[in-house]
Every structure is written in C-alpha cells, then in structure tokens.
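sequence first, predicted model second:
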Amino acid sequence: EAGVAQSPRYKIIEKRQSVAFWCNPISGHATLYWYQQILGQGPKLLIQFQNNGVVDDSQLPKDRFSAERLKGVDSTLKIQPAKLEDSAVYLCASSQGLAGVYEQYFGPGTRLTVT
Amino acid sequence: DQQVKQNSPSLSVQEGRISILNCDYTNSMFDYFLWYKKYPAEGPTFLISISSIKDKNEDGRFTVFLNKSAKHLSLHIVPSQPGDSAVYFCAASEEGAQKLVFGQGTRLTINP
C-alpha cells in the first residue's frame, strides 16, 4: 500500500512570495489533514478535510493560508504572502475517517524556509 | 494553551535498558491517546495507542500506561535498541473528533 505522498520536499522562498504544497493521501482515506511543525514543537493542525469538505480550519491563518481538496482526493496548501515565521515543516496526513479509528498516517513533509 | 505536554525535551538511555517517556494532558475530554515516532526527514509514524477505558496496552517491546486520575501517560520501551533513537510524540483525541493534539516531543537517544 502506497503511503502519503507530498511534494516538494524542500522549498526556499523570500518573504512576501507565494508557495504551494501538494499532498496525495492513502487511497480510500476519507480524512486529510495539514499540519505545521515548527522546529522544536509538535505538529499543529492547520486544516482537516472530510472527503472534500472542511471539518476544522480554526487554526488556519486565513489571511494568508488557503487549502483545497480536489474531488476528495489530492490537496494543496498555499501561502500568500509568506512571512519569516512560516518557516516550518508542513505535514500532510490521512486517516480512514471511521468512527473510533484515530490513527493518522503522515507523509514525509515539506520543509519551507522563508528568507 | 498546551493541552498535551511532554516536559522532557530529551532522554538518553543505555542500550538494553528501559526507556520511559512521559506525557501529561489537561483536557479531561481526551479519551484516546497515541504515540508516534519520528526519524529525521521523515513524517511521524504511528507506534501504539490506548483508549481511556484501559490503563495498559502492550505491543512487543512497547507498553503504554494511562493514569486518568493524574492525566498522565507513559511509554515504556524494553529493551531499548539503537534503532529506537528518534523523536517521540504523544498525541490525544476527544471522542469522535478525529483530530489529534500533539505534545512537543521527546528526543530519545539510545547509547551502545
């Protein structure tokens, strides 16, 4: 079974530029998550999709971050314009979305450096 | 507001001995707890979990203990092996939420 795929793996941009990340979840997983992991901290949930609908985006900085999940499968996360404090690893995860099943499966992440 | 806390940023253990990683939580609505392991340049991988109806769950060398009254859980690794060197994250979820809240992580180093 293929795991969660993410691209690119690394990205360096200047502040005020825009950037986009892509995620392909495990086949059949209904729920998709985007996390931000700042160095020395645990992953922080940015947005959660159930199929192609948003379940929770309470911690997404909506003035600069946006995300969509196309046809309930792939997802993109965009930052526009980027700030220095956006430097972090962006992790995508997916889960079956079944009641009582909590395990999430993570991709390798995209390391973003904003200069 | 840090709802899940791992107060030890790092832990060093001799190979073959027991590693004990600790996690505390504040939200009494959490009813499912998970441990993830993370190697450099990789995403976290699921290790073991425990439901609030249990106080212990075991999987091979890994055992998780839950003390609900103290809002504390711990992960025991026996015996510790060099491949166990990684960052370990504790995570928690409310019933039906399908959302995880993570601790800050503990870097475990197993010395030969």
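Looks like it arrived, so ask away. Residues are numbered from 1 along each chain as shown, chains lettered A, B, ... in the order given.

wait, isn't B:S8 in contact with B:L108?
No - counting by Cβ atoms under 8 Å, B:S8 stays clear of B:L108, with 9.5 Å between them. Where C-beta positions appear, they are placed from N, C-alpha and C, glycine not excepted.

give the residues shared as contacts by these two.
Both B:S8 and B:L108 are in contact with B:L21, where contact means Cβ atoms under 8 Å, 6 or more residues apart in numbering or on different chains.

between these two, which is the more surrounded one?
Set B:S8 next to B:L108 and count neighbours by other Cβ atoms under 10 Å in any protein chain shown: B:L108 wins out with 22 against 14.

just the pLDDT for that one.
Per-residue confidence (pLDDT) for B:L108: 98.

for A:I79, same thing?
Looking at A:I79, its pLDDT is 98.

give the burial count for it, as a bare number.
A:I79 has 22 nearby residues by other Cβ under 10 Å.

can you tell me how far it is from A:G107?
17 Å (Cβ to Cβ, to the nearest Å).

with B:G96 instead?
Distance of B:G96 to A:G107, computed by Cβ to Cβ: 25 Å.

same check, this time on B:A92
22 Å.

one more: A:E85?
A:E85 is 23 Å from A:G107, by Cβ to Cβ.

quick one: pLDDT of residue 39?
Just so you know, I chose chain A. 92.

please refer instead to chain B.
Per-residue pLDDT puts B:Y39 at 96.

up against chain A, what does chain B have?
Taking Cβ under 8 Å from any Cβ of the partner chain as the criterion, chain B approaches chain A at residues B:4, B:6, B:9, B:32, B:34, B:36, B:41-46, B:49, B:89, B:91, B:93, B:96, B:98-105.

list buried residues within those.
B:4, B:6, B:32, B:34, B:36, B:43-44, B:49, B:89, B:91, B:93, B:98-105 (16 or more other Cβ atoms under 10 Å in any protein chain shown).

among those residues, which lie within helices?
Among those, none falls in helices (DSSP state H).

show me what contacts A:A20?
With contact taken as Cβ under 8 Å, 6+ apart, A:A20 is in contact with A:76-79.

and of those residues, the nearest to B:S80?
A:L77 (36.7 Å; Cβ to Cβ).

and the pLDDT at the spatially closest residue to A:Q80 that is not a sequence neighbour?
Excluding the flanking residues, the one nearest A:Q80 by Cβ to Cβ, 6 or more residues apart in numbering or on different chains is A:S18, at 3.7 Å. Looking at A:S18, its pLDDT stands at 98.

near A:S18, how many other residues are there?
Neighbours around A:S18, by other Cβ under 10 Å: 11.

equivalent analysis for A:K15, please.
A:K15 has 13 neighbours, counted by other Cβ under 10 Å.

pretty sure A:E85 is in a helix, no?
Yes - counting by DSSP: H, G, I helix; E, B strand; the rest coil, A:E85 is found in a helix.

residue contacts, it?
In this structure, A:E85 makes contact with A:V114, judged by Cβ under 8 Å, 6+ apart.

switch the cut-off to 10 Å
The contact partners of A:E85, by Cβ atoms under 10 Å, 6 or more residues apart in numbering or on different chains, come to A:15, A:38, A:61, A:114.

among these, who's most crowded?
With neighbours defined as other Cβ under 10 Å, the most crowded of the contacts of A:E85 is A:V114; it has 20 neighbours.

any idea what that one is bridged to?
With beta bridges defined as DSSP bridges, A:V114 has these partners: A:I13.

do B:I48 as well
Beta-bridge partners for B:I48, by DSSP bridges, are B:W35.
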